[in-house]
Structures are given as C-alpha cells and as structure tokens.
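J.: Take this sequence and fold it.
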Amino acid sequence: MAPSEIIDKMYNNDPFSQWLGIERVEEGPGFCLLRLKVRAEMLNGFSIAHGGITYSLADSALAFASNAHGRKCVSVETSISHVQPVMEGDVLTTHVEEVSLSGRIGIYHVTVKNQHDVDVAIFKGSVYRRSEKW
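T.: Now for the predicted structure:
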C-alpha cells in the first residue's frame, strides 16, 4: 500500500483529527506536514490554545509519518514542550524529523510552528513498529 493510501485510511477513520480541521499538506515515509487553524472552541481559560491542540496535531503527524513506512505503528512514549502561546486564528504547521528507525522502534521529533515560522511546541515521540503491515 502506498504511503498516501495508508494515511488516507488512517485519516478517514480518525474523527478527532477531522474535528481539529487538520489539512494534509505533504506526507511520506518518515515525514508529514500538517496544517490547522486555531478556532475559538480550541481556547482555554487564558484565551490561548489549549495545550492539547498542539499535542494532538503533533501526535497525528507522528502517527502518519511513522505508519507511512507500511508497518502498523503505535506510540509508546510522547512528550511536548509548549514554548510560545498559540492564539485564536493562528495557523499551525508540523515539521517532522525521523531521528531513528529500527526494526521495532522509531523516534521522531515534531516541531509545531505558527504562521510567522515561530516554534510554538516541540514534541518527541517514540513508536513501536508492529510486524503487521498495512
């Protein structure tokens, strides 16, 4: 199955990523550029984006990038640093770097940037690469 077919299948069965309004811009084995616009219902009590928004965007990028190699992958460890506030109307994009890929484990860094090319979140994710293929 081609990488775009795998990601199509994942995205079409992912109502949460769809609700976020994630736009798939560029994708392939080990990388994924996603985009979303921050809406009012994504804000917290401080009128900035809830941390779960950047986390979820980065997590989706991790899933798409790692699974695009053709083997089913699941995250086993993730973390995020929120380095700048995200406001309503901001347009966020992901930049995925595949740091390490072995038979069983993949390690990825995902940087989330705003429309001014400013880093707003830095995410690290490790995935377990199951033997099952897409």
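J.: going forward, measure contacts between C-alpha atoms and count neighbours the same way
T.: OK.
J.: Show me what the longest strand along the chain pairs with in its sheet, parallel or antiparallel.
T.: Ordering each strand of the chain by length in residues (DSSP state E) puts strand 119-133 first. Note on strand 119-133: by DSSP bridges, its sheet partners are strand 71-82 (antiparallel), strand 105-113 (antiparallel).
J.: Comparing those, which comes out most buried?
T.: Greatest average neighbour count among the strands paired with strand 119-133 goes to strand 105-113 (a mean of 23), per mean count of other C-alpha atoms under 10 Å.
J.: What's the mean pLDDT across that strand?
T.: In this model, strand 105-113 has a mean pLDDT of 98.
J.: outside of it, which residues touch it?
T.: With C-alpha atoms under 8 Å, 6 or more residues apart in numbering as the test, strand 105-113 has contacts from 54, 58, 61-62, 66, 92-101, 119-129.
J.: Mind doing that once more with 7 Å?
T.: For strand 105-113, the surrounding residues in contact (C-alpha atoms under 7 Å, 6 or more residues apart in numbering) are 58, 62, 92-101, 119-129.
J.: rewinding a little: may I see the strands paired with strand 119-133 organised as a markdown table, with distance to Val38 added?
T.: Below are the strands paired with strand 119-133 laid out as a markdown table (distance: least, C-alpha to C-alpha, whole Å):
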| stretch | distance to Val38 |
| --- | --- |
| strand 71-82 | 15 |
| strand 105-113 | 12 |
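J.: got the buried residues for stretch 15-28?
T.: Buried residues in stretch 15-28, counting neighbours by 16 or more other C-alpha atoms under 10 Å, are found at Ser17, Leu20, Ile22, Arg24, Glu27, Gly28.
J.: Straight-line length of it, end to end?
T.: Taking C-alpha to C-alpha, to the nearest Å, stretch 15-28 runs 21 Å from one end to the other.
J.: packing partners for the longest helix anywhere in the chain?
T.: As assigned by DSSP state H, the longest helix anywhere in the chain is helix 51-67. Using 3 or more C-alpha pairs under 7 Å, 6 or more residues apart in numbering; DSSP states H and E, the elements in contact with helix 51-67 are strand 31-37, strand 71-82, strand 105-113, strand 119-133.
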